[in-house]
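In: Okay, here's the prediction I keep looking at, along with the sequence it came from:
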Amino acid sequence: MDLAEARKTFRDVRVAHVGTTLPTGHPHVVPLWFVWLDDAIYASSREDSQVRRNVARDPRVAIQIDIGRAWTEQAGILVRGAAELMRPEHPSAKRALSAWFEKYREELAGRGFAAYTERVQHPMLLRVPADGFSTWIHAVGAGR
């Protein structure tokens with residue numbers, strides 16, 4: 001699977017698991033909402049989060065996205081890259097935020113948006129270009 005095919009396959013998944021490194025060297029993995037645009041994966045976070053502190057210290061991250069329930073349906077991708085922290089007012093963030101709000105429109109409908117903005121008062125984006133990636137697929141007949 002090439003990167004363009006992977007983007008099409010996994011872009012509609014609701015949650016990506018983002019791995020960063022704690023100061024102790026241990027992994028820190030959290031589920032985050034994301035959009036996958038042509039240039040990078042953009043994951044949402046908070047300015048006061050452990051993820052932001054980890055990325056500020058060490059920008060190397062891994063993002064794991066998977067689909068399927070039964071073993072023969074499962075497929076996934078692990079994207080590795082150096083994350084760039086972006087505030088919403090960053091000039092490059094506008095396109096990503098528009099796509100993010102479109103993707104999560106249902107979850108944010110009604111009281112959802114107010115609840116989100118109450119809990120996430122200082123949102124951030126992590127922009128992660130795919131410097132490297134690996135995929136897996138368990139589907140019968142997939143040839144892998």
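Out: On my side now, so go ahead. Numbering: from 1, shown residues only.
In: Worst mean pLDDT across the helices and strands of the protein, which element?
Out: Here the helix or strand of the chain ranked lowest by mean pLDDT, DSSP states H and E is helix 111-119, holding a mean of 59.
In: ok, then the element right after it?
Out: Per DSSP states H and E, the first helix or strand lying C-terminal to helix 111-119 is strand 123-128.
In: Pull the residues that contact that following strand.
Out: The contact list for strand 123-128 (Cβ atoms under 8 Å, 6 or more residues apart in numbering) reads 18, 32, 40-47, 49, 51-52, 55, 61, 63, 79, 81-88, 90, 92-93, 96-97, 100. No exception for glycine: its C-beta is placed from N, CA and C like everyone else's.
In: With only the CA atoms kept, save that strand in CSV.
Out: The C-alpha trace of strand 123-128 is given here as CSV (Å, rounded to 0.1, in the frame of the first residue of the first chain):
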residue,chain,number,x,y,z
PRO,A,123,-6.4,24.0,21.2
MET,A,124,-3.3,23.0,19.3
LEU,A,125,-2.6,21.0,16.2
LEU,A,126,0.2,18.6,15.6
ARG,A,127,1.3,18.6,12.0
VAL,A,128,3.0,15.3,11.2
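In: Could the C-alpha coordinates of the helix or strand following that strand be exported in CSV?
Out: Following strand 123-128 in sequence order, the next helix or strand is strand 132-137 (DSSP H and E). Output in CSV follows, covering the C-alpha atoms of strand 132-137 (Å, rounded to 0.1, in the frame of the first residue of the first chain):
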residue,chain,number,x,y,z
GLY,A,132,8.2,6.9,7.2
PHE,A,133,5.3,4.4,7.5
SER,A,134,4.4,0.8,7.6
THR,A,135,1.1,-0.9,6.9
TRP,A,136,-0.5,-4.2,7.7
ILE,A,137,-3.6,-6.0,6.5
